[in-house]
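>>> I'd like to go over a predicted model; first the sequence, then the structure.
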Amino acid sequence: MKCSQVQKRLSAFQDGELNAQEGQRVSKHLESCLACRERYIEMEKVWQALGDLNEITPEPGFYGELVKKINDSHETRFPAGFQWLFQFFSSPWATSTLLIAGILIGTFLGNILAKSDLFPFQQSQASHSQAAIEVFSLRAFDPVPPGTLGDKYLRMANYGEEGRR
Amino acid sequence: MSRTAEGDGYAFEVLVGRHQTSVLNLIYRYVGDRTKARDLAQEVFIRVWRAAKSYAPKAKFTTWIYRITANVCLNELKSAKGKKLIQLEPEEGRPNSDYQTHLNASQSPEDILVGEESSRQISDALQSLPENQRMALILKRYDNLSYEEIAKIMECSISAVESLLVRAKRNLQEKLIFPEN
């Protein structure tokens, strides 16, 4: 077996992945070839050094945290086939784009409605009927609307004789 | 696993207990960050729980769970590209908790420091490997899996695994034995 052939299979030899016959041939070559042997020794050194990497142990709350995550994700899970909707709406870009689009559409519709006859709150209509302003103004929601008996009593209480007039 | 698929919480707890250390350590060695490793390990078990019903025992369970783990690791690296994902250096004046692991009580402080330094060097060297070489090497060195099993996990051929390992070992040799190069 040539050195180049052996060196190609050294890694598999080290990992015990060669069949018995090929393994024996590599092993025989290593006994007689110093260069290949040195190469193999270096590989072994690296393999041994990797053993110095410590192992970590799971924290005690690992399982509890996992169960909580599963329960949370179950509650917020979208029906199958609609996950893309969740992914889309959870992106900050999509959210801000939708917000801006909402504002623009709202402004546009507001302008259209203000110019149309459908909307009762416009200035021109209000001038036709003062009552309309009164009805749609905030005063309509007063506990004692103007002109009622309650309003008269309140005026009297506040301004005495002046209010009576 | 079949009991987990039926929604048996106790069976799932047993399953997690049996595999959490190996999954956690595979991820930790791959990403080099303990907190990230814990989160990703939980992500793996969430996927196991969700996929339990559709699980068909074609391969060994460990092969299946390691394949999920490898996918989670690779996805994480993809999504974290551009960000600094791996924190290898501890903050100044503060020991790196990532390396405070299985320390023997009989070890002297010097031994511990030497051990931590050595562990950090190995971790640095591992992180410097390309993604696939790193995964193949970790599965071989720390989980002692055969090329065939690694090939199934990484969804590639056995000869591809061998090639990945040859290159990974050569790269590590340069980092660990001849670091000045």
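Thanks, I have the structure now.
>>> longest helix of the chain?
All of this is about chain A. As assigned by DSSP state H, the longest helix anywhere in chain A is helix A:92-115.
>>> should've been chain B
Longest helix in chain B by number of residues (criterion: DSSP H): helix B:9-31.
>>> Show me what it is packed against.
helix A:62-75, helix B:2-5, helix B:34-51, helix B:61-79, helix B:109-127, helix B:131-141 (3 or more CB pairs under 8 Å, 6 or more residues apart in numbering or on different chains; DSSP states H and E). C-betas here are computed from N, CA, C, even on glycine.
>>> As CSV, could you dump the C-alpha coordinates of stretch B:32-46?
Once non-C-alpha atoms are left out, stretch B:32-46 reads as follows in CSV (Å, rounded to 0.1, in the frame of the first residue of the first chain):
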residue,chain,number,x,y,z
GLY,B,32,-20.6,27.2,21.9
ASP,B,33,-23.1,29.0,24.1
ARG,B,34,-24.8,27.4,27.0
THR,B,35,-28.0,29.6,27.1
LYS,B,36,-28.5,29.2,23.4
ALA,B,37,-27.9,25.5,23.7
ARG,B,38,-30.6,25.2,26.4
ASP,B,39,-33.1,27.1,24.2
LEU,B,40,-32.3,25.1,21.1
ALA,B,41,-32.5,21.8,23.1
GLN,B,42,-36.0,22.8,24.2
GLU,B,43,-36.9,23.6,20.6
VAL,B,44,-35.8,20.1,19.6
PHE,B,45,-38.1,18.5,22.2
ILE,B,46,-40.9,20.7,21.2
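>>> a markdown table for the helices and strands packed on helix B:9-31, including distance to B:E155, mean neighbour count and mean pLDDT?
Output for these, formatted as a markdown table (distance: least, CB to CB, whole Å; neighbours: other CB atoms under 10 Å in any protein chain shown; pLDDT from 0 to 100):
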| stretch | distance to B:E155 | mean neighbour count | mean pLDDT |
| --- | --- | --- | --- |
| helix A:62-75 | 26 | 14 | 82 |
| helix B:2-5 | 23 | 15 | 69 |
| helix B:34-51 | 16 | 20 | 91 |
| helix B:61-79 | 7 | 18 | 89 |
| helix B:109-127 | 21 | 16 | 74 |
| helix B:131-141 | 11 | 23 | 94 |
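>>> Average pLDDT for the longest helix of chain B, rounded please.
Averaging pLDDT along helix B:9-31 yields 90.
>>> Format the helices and strands packed on helix B:9-31 as JSON lines; extra columns: distance to A:G147.
Shown next, in JSON lines, are these (distance: least, CB to CB, whole Å):
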{"stretch": "helix A:62-75", "distance to A:G147": "55"}
{"stretch": "helix B:2-5", "distance to A:G147": "75"}
{"stretch": "helix B:34-51", "distance to A:G147": "67"}
{"stretch": "helix B:61-79", "distance to A:G147": "68"}
{"stretch": "helix B:109-127", "distance to A:G147": "82"}
{"stretch": "helix B:131-141", "distance to A:G147": "81"}
